[in-house]
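# What follows is a predicted structure for the sequence shown.
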Amino acid sequence: MTPPPLSPERARLAAALRELKTRTGLSLAGLAAKTPYSKSSWERYLNGKTLPPRQAVRDLCRLAGEAEGRYLALWEIAESQWSGRATEGTPAGPGTPPRRPDAAAPAGPGPARPGPAGHRGVAAVAVLASVCAVAVGGVAVALLALLPHRDGARSAPPPASSVIGPLCRGAACEGGNPMHMRCGVGPSTLASYRTATGARLELRHSRECGTGWARMWNTRIGDRLTVTAGGPTRSARVEDRLDTEEFVFTPMTVARPGAVVRACFRPAAGGGRECFDGRVR
């Protein structure tokens, strides 16, 4: 029998986990050796056949050297859909997954009880409002998870705003913090590089902001990273132990279509400078 199609929430999570696995460079057997989960379990998690435990997502982020916020937000949304919390109060239909006994009860009033025909419209409105609230909350969690990374630009984040899009564009972003200016939501990766010391580097680009920047992780205190796209050179330095456990970003520089963005890494331990390029498409 053909298995039912994946929900969009679980499909997004599975795709993100497969990307993380690629970053680890490990096989399924390698993942099983470094985590409490078996090879067959990882196969199910990565293909969306089974919702992974939250800790499995955290372990995979650790092995990939990725910050876990975005991936845990995707897991929360998928778990909400899978457990039935995202559709609490709606009648179950064919193929609807049963609610898990250990799933947390949603806050607020429970599902509307069946009533006379005259009250069905009110119940339908209540159900629709509940589903919309869950969806909006999930999007907010995913966006917030992307923002709070430390970086080379030490300016304070801007005040909270109802605007979801970037807070700057083009030249107005020059030298700004990509996370605080919301340019780090959904950027593309122009190029990746692994240094001789094991540090991982990426060139990032935001089409909405028209800017590029570089980030590094698996670093050591004193490591430096610079980025330029033919204009000013922006730089970041790993300052302390906390920085070695997170992404460190350079400030942004304007990167128009066709521009070549170049990043250079200089390790704290000495040795030659390592550079790599990426072109904005």
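Yep, that arrived.
# So what touches the helix or strand hosting residue 202?
Following DSSP states H and E, one finds residue 202 within strand 200-206. Outside of strand 200-206, the residues that reach it under the criterion CB atoms under 8 Å, 6 or more residues apart in numbering are 65, 166, 178, 183-184, 186-195, 211-218, 225, 227, 252, 255, 261, 263, 265, 276-278, 280. All C-beta atoms are positioned from the backbone trio N, CA, C, and that covers glycine.
# Can you say which of these are buried?
Burial by neighbour count, judged by 16 or more other CB atoms under 10 Å, picks out 65, 166, 178, 183-184, 187, 190-191, 193, 195, 211-217, 225, 227, 252, 255, 261, 263, 265, 276, 278, 280 from the contacts of strand 200-206.
# Among the residues you listed, which ones are in strands?
Within those, residues falling in strands by DSSP state E are 190-191, 193, 211-217, 225, 227, 261, 263, 265, 276, 278.
# what's the first-to-last distance across stretch 169-186?
End-to-end span of stretch 169-186 (CA to CA, to the nearest Å): 15 Å.
# For the residue nearest in space to the middle of the chain, identify the helix or strand it belongs to.
Nearest residue to the geometric centre of the chain (CA atoms, centre = their mean): residue 70, 2.9 Å. Per DSSP H and E, residue 70 falls inside helix 69-83.
# thinking in terms of the whole chain, how far from its middle is that helix?
How far helix 69-83 lies from its chain's middle: 11 Å, per CA atoms, centre = their mean, to the nearest Å.
# Next: stretch 187-199.
Using CA atoms, centre = their mean, the offset of stretch 187-199 from its chain centre is 17 Å.
# Stretch 236-252 too?
18 Å.
# Only the buried residues of that stretch, if you could.
Residues of stretch 236-252 classed as buried under the neighbour-count rule (16+ other CB under 10 Å) are 236-238, 243-244, 246-252.
# got a markdown table for those residues, with pLDDT and secondary structure too?
Converted to a markdown table, these look like this (pLDDT from 0 to 100; DSSP: H, G, I helix; E, B strand; the rest coil):
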| residue | pLDDT | secondary structure |
| --- | --- | --- |
| 236 | 96 | strand |
| 237 | 95 | strand |
| 238 | 94 | coil |
| 243 | 83 | helix |
| 244 | 85 | helix |
| 246 | 76 | coil |
| 247 | 81 | coil |
| 248 | 89 | strand |
| 249 | 89 | strand |
| 250 | 95 | coil |
| 251 | 96 | coil |
| 252 | 97 | coil |
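# Please identify which pair of those residues lies farthest apart.
244 and 252 (22.7 Å; CB to CB).
# okay but residue 256 is in contact with residue 281, surely?
No: using CB atoms under 8 Å, residue 256 is not in contact with residue 281, being 11.4 Å away.
# Compare these two and say which is more crowded by neighbours.
Using other CB atoms under 10 Å as the criterion, residue 256 and residue 281 rank with residue 256 on top: 13 against 9.
# give me every residue that touches the more buried one.
Neighbour list for residue 256: 210, 229, 280 [criterion: CB under 8 Å, 6+ apart].
# Pick the one among those residues closest to residue 170.
Once CB to CB is applied, the member of these that ends up nearest residue 170 is residue 210, at 4.7 Å.
# Quick check: nearest residue in space to that closest one, chain neighbours excluded?
Leaving aside its chain neighbours, residue 210 sits nearest to residue 170 (4.7 Å; criterion: CB to CB, 6 or more residues apart in numbering).
# how much space between the one you found and residue 254?
6 Å (CB to CB, to the nearest Å).
# can you list residues touching both of those two?
210-211.
# quick one, which of the two is more surrounded?
Of the pair residue 170 and residue 254, residue 254 is the one with more neighbours under other CB under 10 Å, namely 20 against 12.
# from memory that one sits against residue 174, does it?
Yes: contact criterion CB under 8 Å: residue 254 and residue 174 qualify, at 5.6 Å.
# Now the common contact residues for the two.
211, 231.
# and the gap between residue 266 and residue 219?
Residue 266 is 11 Å from residue 219, by CB to CB.
# Settle it for me: which of the two has more neighbours?
Shown here are residue 266 and residue 219; by other CB under 10 Å, residue 219 has more neighbours (28 against 19).
# Can I get stretch 232-239 as CSV, trimmed to CA atoms?
These are the backbone C-alpha positions of stretch 232-239, laid out as CSV (Å, rounded to 0.1, in the frame of the first residue of the first chain):
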residue,chain,number,x,y,z
PRO,A,232,34.6,48.3,2.1
THR,A,233,36.2,45.4,3.9
ARG,A,234,34.2,44.2,6.9
SER,A,235,35.7,42.0,9.6
ALA,A,236,34.9,39.9,12.6
ARG,A,237,37.0,38.3,15.4
VAL,A,238,36.3,35.4,17.7
GLU,A,239,36.5,37.2,21.1
